[in-house]
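> coordinates for the following, if possible.
(chains A and B)
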Amino acid sequence: MKVLVSVKRVVDYNVKVRVKSDGTGVETANVKMSMNPFDEISVEEAVRLREAGVATEIVVVSCGPLACQETLRTALAIGADRAILVETDVELQPLAVAKLLKAVCARESPQLVLLGKQAIDDDSNQTGQMLAALMGWPQATFASKLTIADGKAQVTREVDGGLETITVKLPTIVTSDLRLNEPRYVTLPNIMKAKKKTLENLKPDALGVDVTPRMKTVKVVEPPKRKAGIKVPDAAALVAKLRNEAKVIS
Amino acid sequence: MSCLVIAEHDNKSIKVATLNTVAAAAKIGGEIHVLVAGSGSGAAAEAAGKIAGVTKVLHADAPHLADFLAENVAALVVGVAKNYTHILAPATSNGKNVTPRVAALLDMQQISEIVSVESPDTFVRPIYAGNALATVQSSDAIKVITVRTTGFDAVAATGGSGAVESVAAPADSGLSSFISREVSKSERPELTAAKIIVSGGRGMGSGDNFKILEPLADKLGAAMGASRAAVDAGFVPNDWQVGQTGKIVAPDLYIAIGISGAIQHLAGMKDSRVIVCVNKDEEAPIFSVADYGIVGDLFQVVPQIVEELKK
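Numbering: from 1, shown residues only, chains lettered A, B, ... in the order given. Okay, the predicted model is just below:
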């Protein structure tokens, strides 16, 4: 079974992002970039499926500027077999990414596409569901457990209030939640090996996809800052403040 | 203009998240219709019609809509979408699952988790875990939106006079099937609907130690939550997690016990009205957002707070 995994290059999750002074976005120049953590979980899951004998080939795809090659190399070092970059400098919105991935799916015919449930930059949480819609495939989002058997995927999903288990027919889309697995550390020998793996470069035009943004960012601002409050000496002082000053308890 | 709100419900009643979403629709303007998709969901549809400002309820009832499978619900929504300029759903796990599928089928770019309506085509949404707020303008014919419920005060559950109209459910897609659900049972309020939340972090040390928070939560009628660190350590179930990738909450009072205040956690609770923290590390970032903080050992301070509350 062939597995396709989509990965996004984002500002590293440890970076404290700064809004640009002209209000056009957040500062991404000279900032550490990494693979979106949920996508890393997706790559790890694909590699585990291959180690379990379920997956036979893992293709990773990234859509974005040339620098996404680094992210793809990381995915290859985790264990993916080959990579595809859909290269564009246009700001890609989830619907455009879903259309690009649909075009890649048409070329690759995977049985399973794994994506992170959301990217930690735009926090959209859309691409997987959109790709499923465009392919006419089922979707299993927010996965914390994935089992493949008999042409179906059984997926445990993290939902409000608990867990839900569904089965979906293959081919399908699965989006990864935090607790699907813990990605392995990439080792130096695997980084070296990854350099020799194939990385194909495609352009949106060649795939026949219009990636023009539908949504315009008017401005980006910092959220209102919370004023740091006060330290109180003990429980008695705290409860007095909550009762008499904040009036949140009686 | 006309808005369709996809209801969050349990077949018997309407969830508060629906009322927050109707509030967002009211800011957009025009008629507000609510879609109730479920099975044996007549009572929920009746209740939806009573929501303040709602003028019509579309009710689709079928066995294969019982579990809100995305494939079936999205097909239903797409079938009625052409009558509306805006389609809104709360950013619950159901809303987040179904809405992008609807958007893609309609060839619309969804606008996720809005916290403010600036005009019928312009919205504010948090990005980068709430560390920035983006104002975005959509050029799409139908605005497909998920609503961050903490951004909008719920409208009244009564006062509306929406007539219930049946709509036929499309056939079961056959692509997916529901197997089971494990819902955490609790006498406490739901995290996202609670007025007061008591949350524990890595500083709790173990799952057993969370028991020390129970008398406090009981006394306050509070829901219980946790940081990602506490969930990852296996102290408490996943659905307790407050933060960027967990629940987004904004109660009147949020009490953070043994939580350091990582960015990802703050993203989930910093819009709370009053924040209290107890932490032994006075340098912990949580103090920079807390209205009232106590530097001290939580195992001593928490029981003392409970004693004080009894006075």
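
> how many other residues sit next to residue A:141?
By other C-beta atoms under 10 Å in any protein chain shown, 28 other residues sit near residue A:141. Every C-beta, even on glycine, is put in place using the N, C-alpha and C of the backbone.

> and it, what is it in contact with?
A:117, A:128, A:129, A:157, A:174, A:175, B:70, B:96, B:97 (C-beta atoms under 8 Å, 6 or more residues apart in numbering or on different chains).

> double-check that it belongs to a strand.
Yes - assigned with DSSP: H, G, I helix; E, B strand; the rest coil, residue A:141 falls within a strand.

> that older thread, tell me which two of the contacts of residue A:141 sit farthest apart.
A:174 and B:96 (15.0 Å; C-beta to C-beta).

> nearest to residue A:245 among the contacts of residue A:141?
Using C-beta to C-beta, residue B:96 is the member of those that lies nearest residue A:245, at 37.5 Å.

> go ahead and flag the most central residue of chain B.
For chain B, residue B:92 is the residue whose C-alpha lies nearest the centre (C-alpha atoms, centre = their mean; 4.8 Å).

> please state the offset of the helix or strand of chain B at the bottom of the mean pLDDT ranking from the chain centre?
Least confident helix or strand of chain B, by mean pLDDT, DSSP states H and E, is helix B:263-269 with a mean of 92. Offset of helix B:263-269 from its chain centre (C-alpha atoms, centre = their mean, to the nearest Å): 15 Å.

> tell me the secondary structure at residue B:57.
Assignment for residue B:57 (three-state DSSP): strand.

> that one - how many residues pack around it?
Residue B:57: 26 neighbours (other C-beta under 10 Å).

> surely it touches residue B:164?
Yes - using C-beta atoms under 8 Å, residue B:57 makes contact with residue B:164 at a distance of 4.5 Å.

> returning to what we had before: does any part of the least confident helix or strand of chain B sit near chain A?
Yes - residues of helix B:263-269 contacting chain A under C-beta under 8 Å from any C-beta of the partner chain: B:263, B:264.

> dump that helix to PDB, keeping only the CA atoms.
Coordinates of each C-alpha in helix B:263-269 appear next as PDB, following Å, rounded to 0.1, in the frame of the first residue of the first chain:
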ATOM      1  CA  ILE B 263       2.500  29.600  25.200                       C
ATOM      2  CA  GLN B 264       0.400  26.700  24.000                       C
ATOM      3  CA  HIS B 265      -1.500  26.600  27.300                       C
ATOM      4  CA  LEU B 266      -2.000  30.300  27.500                       C
ATOM      5  CA  ALA B 267      -3.500  30.200  24.000                       C
ATOM      6  CA  GLY B 268      -6.300  28.200  25.400                       C
ATOM      7  CA  MET B 269      -7.200  30.200  28.500                       C
END
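
> what lies in contact with it?
Contact with helix B:263-269 is made by A:13, A:16, B:126, B:129-131, B:197, B:199, B:201, B:227-228, B:241-250, B:254, B:256, B:259, B:275, B:285-286, B:289, as judged by C-beta under 8 Å, 6+ apart.

> ok, and what's touching the next helix or strand after it?
Using DSSP states H and E, the helix or strand that follows helix B:263-269 in sequence is strand B:274-279. Strand B:274-279 is contacted by residues A:226, A:229, A:238, A:242, A:246, A:248, B:203, B:252-261, B:269, B:284, B:286-287, B:289-296, B:298, B:301-302, B:305 when judged by C-beta under 8 Å, 6+ apart.

> 6 Å instead, please
A:246, A:248, B:253-257, B:286, B:289-294, B:298, B:301 (C-beta atoms under 6 Å, 6 or more residues apart in numbering or on different chains).

> can you tell me the strand partners of it and which way each runs?
Partners of strand B:274-279 in the sheet, by DSSP bridges, are strand B:253-257 (parallel), strand B:292-295 (parallel).

> after the shortest one comes which helix or strand?
Later in the chain than strand B:292-295, the nearest helix or strand by DSSP H and E is helix B:298-310.

> show me which residues of the stretch 51-200 of chain B are close to chain A?
Taking C-beta under 6 Å from any C-beta of the partner chain as the measure of proximity, the stretch 51-200 of chain B contacts chain A at B:70-71, B:92-93, B:96-97, B:100-101, B:104-105, B:109-110, B:112, B:127-128, B:131-140, B:175-184.

> out of those residues, which sit inside helices?
B:70, B:71, B:93, B:96, B:97, B:100, B:101, B:104, B:105 (DSSP state H).

> which residues touch residue A:41?
When contacts are counted by C-beta under 6 Å, 6+ apart, residue A:41 touches A:176, A:180, A:181, A:183.

> of those - the most surrounded one?
Neighbour counts for the contacts of residue A:41 peak at residue A:176, which has 29 neighbours (criterion: other C-beta under 10 Å).

> and that one, bridged to which residues?
Beta bridges link residue A:176 to residue A:116, residue A:143 when assigned by DSSP bridges.

> OK, contacts around residue 180?
As the question left the chain open, I've gone with chain A. Taking C-beta under 6 Å, 6+ apart as the criterion, residue A:180 is in contact with A:41, A:45, A:143, A:144.

> look at chain B instead
Contacts for residue B:180 were tallied using C-beta under 6 Å, 6+ apart; they are residue A:165.
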